[in-house]
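Asker: Pasting the sequence and the predicted coordinates here, then a few questions.
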Amino acid sequence: MSASDTRLGSTLPAATPRAPGTVELSFRQFTRNRVALAGLICLTVICILVATAPLLAPYNPAQISLSSKLQPPSWAHLLGTDYFGRDILSRMLYGGRLSLTVGMLVVLFALSFGVPIGLVSGFIGGRLDNIIMRLMDAFLTFPPLLLAIAVVGLLGPSIQNVVLALGLVQIPVLARMVRGSTLAAREEVYVRAATALGAGPLRVMFSNILRNIVSPIVVQMTIVFSAAVVAEASLSFLGLGAPPPTPSWGRDLSDARNYLGQAPWMFLSPAIVIMLCVLSINFIGDGVRDSLDPRSWRINRNARREEEVPE
Amino acid sequence: MNLLRVRNLRTEFNTDQGRLKAVQGISFDLAEGEVLGVVGESGSGKSVAAASIMRMVPQPPGRVTADELLFDKTPLLDISEAEARDIRGSKIAMVFQDPMRSLNPVLTIGHQLIEVLRRHQNMTKQAARRRSIELLEMVGIPLAERRMAAYPHQLSGGMRQRVMMAIAVSCHPRLLIADEATTALDVTIQAQIIELVKKLQHDLGTAVIWISHDLGVVAGMCDRVNVMYAGRIVETGKVDDVFDQPSHGYTLGLMSSTPRVDGTSADRLTPIEGMPPSLAEEIRLCPFLPRCRVAVPACSDVPPPTREIGSPDHRSACHADLRSHWRVPA
């Protein structure tokens, strides 16, 4: 068959379907990954539950009822009650609003600064790299929580400032990691080859380097998210997060410490939701990473991989 | 009119060990459509010279100077970085040694071809796609249209080097620099790639600088050859002249350390003893002197002048008279 025949897809629609693009292939690959899909579904369900909390929550999450304090799970209180007799299920539903928002915003914030800083620093190198990295090192010398406390203490406690503080703490971590991966990717032959073909620095940075270091970034993202949820709890615990009646998974978790033996359900509920979210994000992250790297794609039974064509 | 004119090209790197002189004043011309071989052992400055011509030496720490570096009337060292980018990939293209790693692993080969075509030739996506398929067919990739959607890891090394060739010639470059383009491939694939380059060179009239360790390949495909040692061109000439009448101790050494199919069979290979000199040293005399088997007393006194051997084309910087070693007497 000559080339001109195969090129016209319309003449042979069945035999030569349009080749799917990279985005489509990546998406297909993602949906084929059951674990990642499960993570996506789990997180979506949690998000929906949290978003519709006012409709679903059986009680007011801040309603104190000392007569029914520390009750184990029952039909009246599906997940039990805490020391103040507040319904834990309701608190979980409402608490997710703060925790998930903070977690996601911190990831977004840290990514949008950490990745460009690391990329530019590693790619350009030289003196600029030195200056940026020493600056990041200076940030890293502070214990992260202390730095966050300082920022919130300076700006005043509010959710925006908590996000800012926690995000700020994560920027140097991300920037260092991205820089390291960039340094390695920069020396790849295909980066030199791209330069030799006339690609400019922006194209080399984004199309060649960033595309190839997505996987460590995604992994770091999941770590940042879980760290942020837990750190928000610590800040709340210190009175620097949202003020006390506001429910938050992290705060409920730290409150439960004192009742571990007495009322384990108080501790289990927030622990399990946080774990579910972190795991889901981890699975999704793995799925995204794999779907962005064609080398890890699994063989589709219908369209067998055409490998090692005889020369 | 020569396509490329190089006069006194010098490339230095400032490092912790001092100033490394990777290329120490080389001069040569390349005519339109000519195939020039560059041979020499590792560290002799072949690749750095190529990178200097491509304007791909990072400055700093590198420093490239030349009395003249003219490509098609363009002074390569005086143009802006943006102008240099426009020339790279369109008028001068380069193919690297390691085909397994020369392609971006996360993009399809179609994507990578189309990207270059659109970058340099303002093609529409459809036109670039059609052209890409033609190019893949031209370099002998079966089922070219389906290969467009393949990722580099799905192709073998030889196939990948063909793809690299397709990308390199996609914008009809006037000059193709192949830096050890076949070194990482096995012999049969190597032969195919060489045939491919010859064909492309013949069909498109592209001039080629073929950098290689392999004297046999250079003898088979090049018109002229530069022998490089310690950042200098120590001998240059038509391929037949240089290989039949080697006139520099280093060329002779290279040849006696290379097995020949047609050679006098009983001969044992003679290795070149020792190591190339450090590039940080200032060398006044012949840089090959410490390893030379044919040195004459004059070698230890004065630096060797460049002299013509037989024809004005064939020049060598050596004191010794090597006529007794020639396979074809003058």
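Answerer: Received it, and whenever you're ready, just let me know what you need. Numbering: from 1, shown residues only, chains lettered A, B, ... in the order given.
Asker: What does the pLDDT read for residue 149?
Answerer: Went with chain A since none was named. On pLDDT, A:Ile149 comes in at 87.
Asker: try chain B instead
Answerer: As summarised for this prediction, B:Ala149 has a pLDDT of 87.
Asker: Next: B:Trp210.
Answerer: Looking at B:Trp210, its pLDDT is 91.
Asker: and it, that one's in a helix?
Answerer: No: read with DSSP: H, G, I helix; E, B strand; the rest coil, B:Trp210 is strand and lies in no helix.
Asker: Report the rounded mean pLDDT for stretch A:153-172.
Answerer: According to the model, stretch A:153-172 has a mean pLDDT of 88.
Asker: no, scratch that, I was asking about stretch B:179-189
Answerer: Averaged across stretch B:179-189, pLDDT comes to 80.
Asker: Tell me the gap between it and the middle of its chain.
Answerer: Computed by Cα atoms, centre = their mean, to the nearest Å, the separation of stretch B:179-189 from the middle of its chain amounts to 14 Å.
Asker: Any part of it near chain A?
Answerer: Yes: judged by Cβ under 8 Å from any Cβ of the partner chain, stretch B:179-189 comes into contact with chain A at B:Thr188, B:Ile189. The C-beta positions use only the backbone N, C-alpha and C, and glycine is treated the same way.
Asker: Start and end of that stretch, how far apart?
Answerer: End-to-end distance for stretch B:179-189, by Cα to Cα, to the nearest Å: 16 Å.
Asker: got the contact list for it?
Answerer: A:311, B:46-47, B:50, B:94-100, B:157-158, B:161, B:164, B:190, B:193-194, B:197, B:210-214, B:217 (Cβ atoms under 8 Å, 6 or more residues apart in numbering or on different chains).
Asker: What are the buried residues along the lengthiest helix in chain A?
Answerer: Ranked by residue count under DSSP state H, the longest helix found in chain A is helix A:88-124. Neighbour-count burial for helix A:88-124 flags A:88-100, A:102-107, A:109-111, A:113-115, A:117-123 (criterion: 16 or more other Cβ atoms under 10 Å in any protein chain shown).
Asker: which stretches of the chain form strands?
Answerer: You didn't pick a chain, so chain A it is. Applying DSSP state E to chain A gives no strands.
Asker: other chain: chain B
Answerer: Taking DSSP E, the strands of chain B run over residues B:2-15, B:18-31, B:35-39, B:62-65, B:68-71, B:74-75, B:92-95, B:175-179, B:207-212, B:224-229, B:232-238, B:306-309, B:311-317.
Asker: In this structure B:Ser212 contacts B:Gly220, no?
Answerer: No: applying Cβ atoms under 8 Å as the test, B:Ser212 and B:Gly220 come out as separate, 10.5 Å apart.
Asker: When these two are compared, which one has more neighbours?
Answerer: Using other Cβ atoms under 10 Å in any protein chain shown as the criterion, B:Ser212 and B:Gly220 rank with B:Ser212 on top: 24 against 13.
Asker: bridging residues for the more buried one?
Answerer: Beta-bridge pairing for B:Ser212 (DSSP bridges): B:Val39.
Asker: For it, give its distance to A:Asp290.
Answerer: Per Cβ to Cβ, to the nearest Å, B:Ser212 is found 40 Å from A:Asp290.
Asker: what about B:Thr182, how many neighbours?
Answerer: 24.
Asker: cool, B:Ser42 as well?
Answerer: B:Ser42: 9 neighbours (other Cβ under 10 Å).
Asker: give me every residue that touches it.
Answerer: B:Ser42 makes contact with B:His213 under the criterion Cβ under 8 Å, 6+ apart.
Asker: Distance of it relative to A:Ser65?
Answerer: For B:Ser42, the distance to A:Ser65 - Cβ to Cβ - is 81 Å.
Asker: next one: B:Leu285
Answerer: For B:Leu285, the distance to A:Ser65 - Cβ to Cβ - is 98 Å.
Asker: got it, and A:Met266?
Answerer: In terms of Cβ to Cβ, A:Met266 sits 15 Å off from A:Ser65.
Asker: Between those two, which has more neighbouring residues?
Answerer: Taking neighbours as other Cβ under 10 Å, A:Met266 and A:Ser65 compare with A:Met266 leading, 26 against 15.
Asker: Spatially nearest residue to that one, not counting backbone neighbours?
Answerer: Among residues not flanking A:Met266 along the chain, A:Ala256 sits closest, at 4.0 Å (Cβ to Cβ, 6 or more residues apart in numbering or on different chains).
Asker: what residues are up against the one you found?
Answerer: Neighbouring residues of A:Ala256 by Cβ under 8 Å, 6+ apart: A:Asp82, A:Ala263, A:Met266, A:Phe267, A:Pro270.
Asker: of the residues you listed, closest to chain B?
Answerer: Minimum separation from chain B among the contacts of A:Ala256 (Cβ to the nearest Cβ) is found for A:Pro270, which lies at 39.0 Å.
Asker: what about the closest one, neighbour count?
Answerer: By the criterion of other Cβ under 10 Å, A:Pro270 has 28 neighbours.
Asker: can I assume it is in contact with A:Tyr94?
Answerer: No: with contact defined as Cβ under 8 Å, A:Pro270 and A:Tyr94 do not form a contacting pair (12.0 Å).
Asker: List the buried residues for stretch B:228-239?
Answerer: Buried residues in stretch B:228-239, counted by 16+ other Cβ under 10 Å: B:Met228, B:Tyr229, B:Ala230, B:Gly231, B:Arg232, B:Ile233, B:Val234, B:Glu235, B:Thr236, B:Gly237, B:Lys238, B:Val239.
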